[in-house]
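Participant: I'll drop the sequence and a predicted model, then ask my questions.
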Amino acid sequence: MSTVDTKTQTHLRLQIPSPSAQNFGARAMATRLLNTFVLTVLALMPVPAEAQDDDEGVRETRVTLGARLVPSFPGADGMGLRPYVDVSRRRGDELFPFRPPDENPSVVAYNRGAIIFGPVIGLVGERRRDDVGGLDKVAFTVEAGAFVRYSLDSHFYLSAEARQGVNGHKALTGVIRADYVARDGDRWLWSLGPRLTLASGRYAKTYFAVTPREAAATGLPAYRPDGGLFAAGVALGARRQLSRRWGVFGYAKYDRLLGTAADSPIVDRFGSRNQWSGGLAVSYVFGRRQK
């Protein structure tokens, strides 16, 4: 395929790792981490009401499951499918805590006052050689990390998320978020806020660098990017409770690559500086309200 064809082709790929030998290790690691994640979710599910301590009150758990479209890999102009998972809890008449709409699958492990934090898992699709004109492949990556959220008041929230690749790119990346939130209890909620995405030098080199060897093989100029701030954007989210149990959720996000990531010849020829993402999900509330 010619350079022009590669650049202009619009595509949507479901980024599910193939059962090849190269992806077996990544799939096994993903399976272990996701199993741990599911067990954590199950541990946080509510026990039957009659088994709960009356002094603590009856708790409810809202599980949100769906799918989201994200760039196939950092800097790509194609999209890949990822899971959307959220598990939130409340006690008595409390509201379910706000979660940034673009946060990766996470579980709240600590929720006291204005601070919430817990584990988070990220998935980054495989970058194949033919996606980038013969440059080195980057394997499907599982990222493990943590998030923290801080509420300034009932309308303004700050949050951060950091994830380390346990395979694939094996680098550190993260995002800083600010959100304005409007809500009518748990009946409806919408949020809007800016995003700053950061990454280590290893992350930048993995996805945006062209080594002298690759330059000689592909005709691209050699290029060595730096780590740091590499994207800025905005995210809009909305949630609506349809009934006592069922609800819907959706979000849209735009990021613009910056700095040495945006100037990469890989992005210029095979990708895009404009990075779009979004998702849809349904939610279900377990448990019963406190009398």
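Facilitator: Happy to help now that I have it.

Participant: Distance check, W188 against P101.
Facilitator: When CB to CB, to the nearest Å is the yardstick, W188 and P101 sit 14 Å from each other. Quick note: C-beta positions are derived from backbone N, CA and C, even for glycine.

Participant: Check Y254 too.
Facilitator: Here Y254 is placed at a distance of 13 Å from P101 (CB to CB).

Participant: between these two, which one's more packed in?
Facilitator: More crowded of Y254 and P101, by other CB atoms under 10 Å: P101, with 28 against 16.

Participant: can you give me the helices for this protein?
Facilitator: Counting by DSSP state H, residue ranges of the helices within the chain are 3-8, 21-44, 201-208, 212-218, 259-262, 265-270.

Participant: what residues are shared contacts of Y254 and P101?
Facilitator: With contacts defined as CB atoms under 8 Å, 6 or more residues apart in numbering, the residues shared by Y254 and P101 are A235.

Participant: Okay, now the unreliable bits of the stretch 1-150 of the chain?
Facilitator: The stretch 1-150 of the chain contains residues with pLDDT under 70 at 1-58.

Participant: do the same with the stretch 151-291 of the chain
Facilitator: Low-confidence segments of the stretch 151-291 of the chain, defined by pLDDT under 70: 289-291.

Participant: what touches both of W188 and P101?
Facilitator: Residues touching both W188 and P101 (CB under 8 Å, 6+ apart): A238.

Participant: what's the nearest residue to P225 if we skip its chain neighbours?
Facilitator: Computed as CB to CB, 6 or more residues apart in numbering, the closest residue to P225 that is not its neighbour in sequence is T260, at 3.6 Å.

Participant: Isn't that neighbour up against A204?
Facilitator: Yes - between T260 and A204 there is a contact at 6.5 Å, judged by CB atoms under 8 Å.

Participant: Find the residues that touch each one of the two.
Facilitator: The contact lists of T260 and A204 share P225, D226, F230, where a contact means CB under 8 Å, 6+ apart.

Participant: any idea which of those has the most stuff around it?
Facilitator: Of all the shared contacts of T260 and A204, the highest neighbour tally under other CB under 10 Å goes to F230, namely 26 neighbours.

Participant: was I right about that residue contacting A199?
Facilitator: Yes - proximity of F230 to A199 meets the contact threshold set by CB under 8 Å, at 5.5 Å.

Participant: tell me, how many neighbours does G279 end up with?
Facilitator: 21.

Participant: Any idea what it is bridged to?
Facilitator: According to DSSP bridges, R68, Y251 are recorded as the beta-bridge partners of G279.

Participant: I'd assumed V248 was in contact with it.
Facilitator: No - no contact is recorded between G279 and V248 when judged using CB under 8 Å, the distance being 11.4 Å.

Participant: Could you give the bridge partners of Y150?
Facilitator: Assessed by DSSP bridges, Y150 has beta-bridge partners I115, L158.

Participant: Identify the residues contacting it.
Facilitator: Taking CB under 8 Å, 6+ apart as the definition of contact, the neighbours of Y150 are A114, I115, I116, Y157, L158, S159.

Participant: repeat that for 10 Å
Facilitator: Residues counted as contacts of Y150 (CB atoms under 10 Å, 6 or more residues apart in numbering) are G113, A114, I115, I116, F117, F156, Y157, L158, S159, A160.

Participant: next one: G278
Facilitator: With contacts defined as CB under 10 Å, 6+ apart, the neighbours of G278 are 67-70, 79, 101-102, 235-237, 250-254.
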